[in-house]
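A.B. asks: Dropping a prediction and its sequence here:
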Amino acid sequence: MNSPQSEQSRWHAFDDLQALQDAAVDAILDSAARSIEERGRFLLVLAGGETPRPIYQRLREAPTDWSLWHIYFGDERCMPPTEEELNARMAGEAWLDHVPIPRAQIHEIPNGPRADIAAEAYANTLRPVGVFDFTLLGLGKDGHTASLFPHNDWGVEQDSPDTLAVFNAPIRPPQRVSLSAARLNRSRQILFLVSGESKRKAVARWRAGEHIPARVIVGEAGADVLVESRLLQPANT
Ligand code: 6PG
């Protein structure tokens, strides 16, 4: 059932990708400054995939106190640590390996062959962690976000576990670990990054009110969706 919250997705359209990426960097840094001012630290959840890469690269130069940043991941692919496609590896190469965030404050989801073992380990990591300050998410062409896929359990109920083991992802690799919808929703701010022609149908389904995974992630104050404006217009315009 869609709670009133699920109507709280605020769409922000950008004519060009650079402006969208700049807006994402500004939103993250504004949240970091506010969180550090109010609570002395910044708890940030990273998205995987390719869309966030240029945003992570821009963050290398951010004027901030990196010692107060704590990094978590919304999902991870169960693959050997040498695999290029690991979300933690992408974030590291693009950004985290280039800034002095204490390694003990970068909380990667354990990789390896078993989603259930990794999910349990990450649930233990998250147990002492309260509300996230900022959660960054992407959108898959089927409407998935993190590794919450259509036709699977998204863990929306309040008493859902913090992490879910996924064994049947429709995109490789089949085994993944995802934060549950309930855990992602324990975020003060949610920001979706949506770009690329392949997302057009998912955007249309989301805006038409279809029950896709992205739709149930609204955090504590609704979700902001940064989207390329061409994806809001009919194709071939
Ligand atoms: C993953 C991501 C996933 C991603 C979307 C969009 O591990 O695949 O966490 O949820 O955000 O699939 O991916 P792109 O940004 O590469 O289009």
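C.D. replies: Nice, I can see it. Small disclaimer: the values here were computed from a predicted structure and weren't measured. Residues are numbered from 1 along each chain as shown.
A.B. asks: remind me which residues of this structure are low pLDDT?
C.D. replies: In the predicted model of the chain, residues 1-7, 237 satisfy pLDDT under 70.
A.B. asks: One more pass at 80, please.
C.D. replies: Within the chain, the stretches with pLDDT under 80 are 1-7, 235-237.
A.B. asks: Contact residues of it facing the ligand?
C.D. replies: Contact residues (Cβ under 6 Å from any ligand atom) of the chain with the ligand: 47-51, 74-75, 77, 87, 138-140, 144-147, 196. C-beta here means a position set from N, CA and C on the backbone, and glycine is covered the same way.
A.B. asks: separation between the spatially most central residue of the chain and residue 40?
C.D. replies: Closest to where the C-alpha atoms of the chain average out (Cα atoms, centre = their mean) is residue 137, at 2.7 Å. Taking Cβ to Cβ, to the nearest Å as the measure, residue 137 falls 25 Å from residue 40.
A.B. asks: thinking again about what came up before, cross the residues of the chain next to the ligand against strands and list the overlap.
C.D. replies: Of these, the ones assigned to strands by DSSP state E are 75, 77, 138.
A.B. asks: got these as JSON lines, with neighbour count columns?
C.D. replies: Shown next, in JSON lines, are those (neighbours: other Cβ atoms under 10 Å):
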{"residue": "75", "neighbour count": "28"}
{"residue": "77", "neighbour count": "24"}
{"residue": "138", "neighbour count": "23"}
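A.B. asks: Buried ones from the residues of the chain next to the ligand, can you make that a ChimeraX selection?
C.D. replies: Listed next is the ChimeraX selection for buried residues among the residues of the chain next to the ligand, using 16 or more other Cβ atoms under 10 Å:
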select :47,48,49,51,74,75,77,87,138,139,140,144,145,146,147
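A.B. asks: follow-up on the earlier one: wait, isn't the residue nearest to the centre of the chain in contact with residue 217?
C.D. replies: Yes: counting by Cβ atoms under 8 Å, residue 137 does reach residue 217; the two are 6.3 Å apart.
A.B. asks: As a check, name the ranges of all strands in this structure.
C.D. replies: According to DSSP E, the strands that the chain contains are 9-14, 42-46, 69-73, 75-77, 134-138, 163-166, 176-179, 190-194, 223-228.
A.B. asks: Minimum distance to residue 20: which of these has it?
C.D. replies: strand 9-14 (3.9 Å; Cβ to Cβ).
A.B. asks: Which strands and helices lie in contact with that closest one?
C.D. replies: The contact analysis (3 or more Cβ pairs under 8 Å, 6 or more residues apart in numbering; DSSP states H and E) places strand 9-14 against helix 17-39, strand 223-228.
A.B. asks: Name the residues of that strand that come out as buried.
C.D. replies: So, applying 16+ other Cβ under 10 Å, buried residues of strand 9-14: 9, 11-14.
A.B. asks: now stretch 186-199
C.D. replies: 186-195, 199.
A.B. asks: Same check on stretch 170-190?
C.D. replies: Quick answer for stretch 170-190 (16+ other Cβ under 10 Å): 175-190.
A.B. asks: wait, which of the residues you listed is closest to residue 133?
C.D. replies: Closest to residue 133, out of all of the buried residues of stretch 170-190 and judged by Cβ to Cβ, is residue 188, at 5.3 Å.
A.B. asks: I'd say that closest one and residue 133 touch.
C.D. replies: Yes: if you go by Cβ under 8 Å, residue 188 and residue 133 touch, sitting 5.3 Å apart.
A.B. asks: between these two, what contacts are shared?
C.D. replies: Here residue 188 and residue 133 have 31, 35 as joint contacts, going by Cβ atoms under 8 Å, 6 or more residues apart in numbering.
A.B. asks: Perfect, that will be all.
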